[in-house]
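Participant: predicted model, plus sequence, below.
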Amino acid sequence: MSTRTGDFPGGLHLDGHKTPSSGRAVETMPVPPLLVFPLHQHIGEPALPVVEVGESVLAGQLIAHAEDYVSAPVHASTSGRVVAIEKRPVPHPSGLPAECIVVEADGEDRQAPCEAPGDFETMDLSALRNRIREAGIVGMGGAGFPTFIKLNPGPGGDIDTVVLNGVECEPYITCDDRLMQERAADIVSGALIIRHAVGAGRCVIGVEDNKPKAAAALRAAARDGVTVQTVVTRYPAGGEKQLIKILTGREVPSDGLPLNAGVVVQNVATAAAIFHAVSEGRPLISRVVTVTGPGVAEPRNLEVRLGTPVADVLAHCGADTAAVRAVVVGGAMMGFAIHDLASPVVKTTNCLLVDAVADDADQPQMPCIRCGACVEVCPQLLLPQQLYWYASVRDFDKVQDYSLFDCIECGCCNFVCPSHIPLASYFRFAKNEIWAQERERQRADRARERHEFNQARKEQEERERQERHRRKKARLKDPPDEAAPADSKKAAVQEALKRAQARKEGLEAGTEGTEDRG
Ligand code: SF4
Ligand code: SF4
């Protein structure tokens, strides 16, 4: 299916549930008594603690360092004392606990000194990226990829366009809408920094056409060539590939990245965080979270310190936490249920959706009737029923032949399936299995290489040992003639004496001749 610029294939018109939270200004939540900082709040390797139990920390102080390239540091979000470094519940679909630094707040909220403000236009580009890295900034739209890496396209990375994603297409989430309305100037300033960092000429902020106030605020703040463009309100218009298609008409290649289409995409909240890091020297220690759903008396958007337990956030919004049945982190379509309300708010927590259980949640899964509804809505032009069939029989080669890794897990296919098949869950399962197999294969390859290296070393040592043995045996069998060297030496000396004598005689004869001629 081909689509014109300004649109994308498939997708869904979803009922919005945004009004309860979008009409109120962002409020700041008080600092809770205990904060939990997972070492892994991003894609990549976890950060490593640089504090110890019993140590005092300040708000904004580094508490975990990013050792690996694909990683992000973690900072304390208030002042207090480290009371534990241990496994705690974290917001992750697996429900497994993970290593966290636990800080007891002292109630004083003392701030660590900020890095000096920087003028991005005169900063060295690698220093600029480093500052963004050290501020711990990751994609705040939910992906959690370390931002500085996206700002470093490397040799051959020819970025000409920066896209800021202000498309909040999930039906309940409004945190970016409020941010765009209230902090448009920060977002535009962040956009200029991003454009400078990647050397792009163009920067466009995409906003859904159902958010006129956000678009108006951004247009009022826009400067230095940053433009604002409204886009169709249809889920998932905020998917990176969909938004690039809408705003630039370019297709990101299958298995490719936005970089391959000359584009870098950042969420609007990430842009604001970049501005705070570079121009004010502030690390990422808080974020705006939408708290909504039938289980919350007063849905709203809150500025929450990272590390705040979900239970505290819900209690602040008037929820009876003992009665809460389900909390989904990240929205109705792409979010996941958390298993423990002690899990903290992290850098990627954009929404806490309380007790919003789907109407057909209890419907049993039925066999596929090949109705084709899932194909109609897939924004990636995939064949979900085929993918489902091969994923369910664990045919991981075939599932890749059907472009599994182009699936953005938007859940449109689930939503329309009359047989209630949780298609996106099958696709997530297949991806995880393939990644696990790939990791296993790499581990096996490394083990095989180590084994082959050791084997080759042993064989070489054996060859050398045998050669030494052979030479020794040869020497014992055929011992060298001990007298020969002495004789040959003597003969050589005699030869030399003869030659010297001959030279002497010749010289004397020559002298006589010269005198005759003189
Ligand atoms: S929507 Fe469901 S039932 Fe229909 S073809 Fe797709 S998987 Fe099968
Ligand atoms: S979850 Fe994947 S297969 Fe299903 S509609 Fe979205 S992109 Fe297509």
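Facilitator: Okay, I see it. Ligands and ions are numbered 1, 2, ... in the order given.
Participant: for stretch 128-143, list the C-alpha coordinates in CSV.
Facilitator: Extracted C-alpha coordinates of stretch 128-143, given in CSV (Å, rounded to 0.1, in the frame of the first residue of the first chain):
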residue,chain,number,x,y,z
LEU,A,128,28.3,18.8,24.2
ARG,A,129,27.4,15.1,23.9
ASN,A,130,29.4,14.2,27.0
ARG,A,131,27.4,16.7,29.0
ILE,A,132,24.2,15.2,27.8
ARG,A,133,25.6,11.8,28.6
GLU,A,134,26.7,12.8,32.1
ALA,A,135,23.3,14.3,32.8
GLY,A,136,21.9,10.8,32.5
ILE,A,137,19.4,11.6,29.7
VAL,A,138,17.6,8.8,27.9
GLY,A,139,14.6,8.7,25.6
MET,A,140,11.7,9.8,27.8
GLY,A,141,8.9,8.8,25.4
GLY,A,142,9.2,5.2,26.8
ALA,A,143,12.1,3.8,24.8
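Participant: what are the buried residues along it?
Facilitator: 128-129, 131-142 (16 or more other Cβ atoms under 10 Å). C-beta here means a position set from N, CA and C on the backbone, and glycine is covered the same way.
Participant: and of those, the nearest to A215?
Facilitator: Using Cβ to Cβ, G141 comes nearest to A215 of these, at 17.9 Å.
Participant: residue contacts, the closest one?
Facilitator: By Cβ atoms under 8 Å, 6 or more residues apart in numbering, the contact set of G141 is 165, 176, 238, 267, 269-270, 348, 350.
Participant: any idea how far C407 lies from ligand 1?
Facilitator: 14 Å (Cβ to the nearest ligand atom, to the nearest Å).
Participant: please tell me the pLDDT value assigned to the closest residue in space to that residue that isn't next to it in sequence.
Facilitator: Closest residue to C407 in three dimensions, ignoring its sequence neighbours and counting by Cβ to Cβ, 6 or more residues apart in numbering: F427, at 4.8 Å. F427 carries a pLDDT value of 95.
Participant: so which helix or strand takes in F427?
Facilitator: Using DSSP states H and E, F427 falls within helix 423-477.
Participant: who are the contact partners of the residue of the stretch 401-518 of the chain found nearest ligand 1?
Facilitator: Using Cβ to the nearest ligand atom, the closest approach of the stretch 401-518 of the chain to ligand 1 is made by C417 at 3.4 Å. C417 makes contact with 373-374, 423 under the criterion Cβ under 8 Å, 6+ apart.
Participant: so which of the residues you listed reach ligand 1?
Facilitator: The subset of the contacts of C417 within reach of ligand 1, by Cβ under 6 Å from any ligand atom, is 373-374, 423.
Participant: may I see those organised as CSV, with distance to ligand 2 and neighbour count added?
Facilitator: As requested, the ones next to ligand 1 among the contacts of C417 are exported to CSV (distance: Cβ to the nearest ligand atom, whole Å; neighbours: other Cβ atoms under 10 Å):
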residue, distance to ligand 2, neighbour count
A373, 10, 18
C374, 6, 27
L423, 5, 25
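Participant: wait, a strand at C203?
Facilitator: Yes: counting by DSSP: H, G, I helix; E, B strand; the rest coil, C203 is located in a strand.
Participant: show the contacting residues for it.
Facilitator: 161-164, 191-192, 194-195, 225-227.
Participant: need phi/psi at the residue of the stretch 401-518 of the chain closest to ligand 1.
Facilitator: Note on C417: its backbone torsions stand at phi -70, psi 120 [degrees, to the nearest 10].
Participant: now it: how far from Q385?
Facilitator: Noted for C417: a distance of 9 Å to Q385, by Cβ to Cβ, to the nearest Å.
Participant: and the pLDDT at the closest residue to T230 other than its chain neighbours?
Facilitator: Once flanking residues are discounted, T230 sits nearest to D209: 4.3 Å by Cβ to Cβ, 6+ apart. Each residue has a pLDDT score; the one for D209 is 92.
Participant: surely D209 meets T233?
Facilitator: Yes: using Cβ atoms under 8 Å, D209 is in contact with T233, at 5.5 Å.
Participant: if we can go back for a sec, report how many residues lie close to the residue nearest to T230.
Facilitator: The tally of other residues near D209 (other Cβ atoms under 10 Å) stands at 14.
Participant: give me the residue from the stretch 101-250 of the chain nearest ligand 2.
Facilitator: Counting by Cβ to the nearest ligand atom, the stretch 101-250 of the chain gets nearest ligand 2 through P236, at 7.5 Å.
Participant: near ligand 1, which residues of this protein?
Facilitator: Within reach of ligand 1 by Cβ under 6 Å from any ligand atom, the chain has these residues: 368-374, 384-385, 388, 416-419, 421, 423.
Participant: and the residue nearest the centre of the chain, how far from ligand 1?
Facilitator: With distances taken as Cα atoms, centre = their mean, the residue of the chain nearest its centroid is F145 (2.8 Å). To ligand 1, F145 is 30 Å away according to Cβ to the nearest ligand atom.
Participant: now do the same contact list for that residue.
Facilitator: Contact analysis of F145 by Cβ under 8 Å, 6+ apart lists 42-44, 138-139.
Participant: can you say which of the contacts of C203 are buried?
Facilitator: The neighbour-count test (16+ other Cβ under 10 Å) applied to these identifies 161-164, 191-192, 194-195, 226 as buried.
Participant: for E440, the count of nearby residues, please.
Facilitator: 10.
Participant: I'd like to know how far it sits from E433.
Facilitator: 10 Å.
Participant: distance between the ends of stretch 295-315?
Facilitator: End-to-end distance for stretch 295-315: 11 Å, by Cα to Cα, to the nearest Å.
Participant: gap between I187 and L382?
Facilitator: Here I187 is placed at a distance of 33 Å from L382 (Cβ to Cβ).
Participant: compare these two (neighbour count), which wins?
Facilitator: Shown here are I187 and L382; by other Cβ under 10 Å, I187 has more neighbours (31 against 20).
Participant: what does the stretch 101-250 of the chain put close to ligand 2?
Facilitator: Within the stretch 101-250 of the chain, no position lies close to ligand 2 (Cβ under 6 Å from any ligand atom).
Participant: low-confidence ranges, the stretch 101-250 of the chain, go.
Facilitator: 156-157 (pLDDT under 70).
Participant: again, 80 this time
Facilitator: Along the stretch 101-250 of the chain, segments meeting pLDDT under 80 span 154-157.
Participant: would you pull up the residue in it closest to ligand 1?
Facilitator: Counting by Cβ to the nearest ligand atom, the stretch 101-250 of the chain gets nearest ligand 1 through Y235, at 16.6 Å.
Participant: and that residue, how many neighbours?
Facilitator: So Y235, with other Cβ under 10 Å, has 25 neighbours.
Participant: so it is in contact with Y172, correct?
Facilitator: No: counting by Cβ under 8 Å, Y235 does not reach Y172; the two are 11.8 Å apart.
Participant: what touches both of C417 and Q385?
Facilitator: The contact lists of C417 and Q385 share C374, where a contact means Cβ under 8 Å, 6+ apart.
Participant: contact partners for the residue nearest to T230?
Facilitator: D209 touches 215, 230-233, counting by Cβ under 8 Å, 6+ apart.
Participant: and these as CSV, adding distance to K245 and secondary structure?
Facilitator: Below are the contacts of D209 laid out as CSV (distance: Cβ to Cβ, whole Å; DSSP: H, G, I helix; E, B strand; the rest coil):
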residue, distance to K245, secondary structure
A215, 20, helix
T230, 15, strand
V231, 10, strand
V232, 11, coil
T233, 16, coil
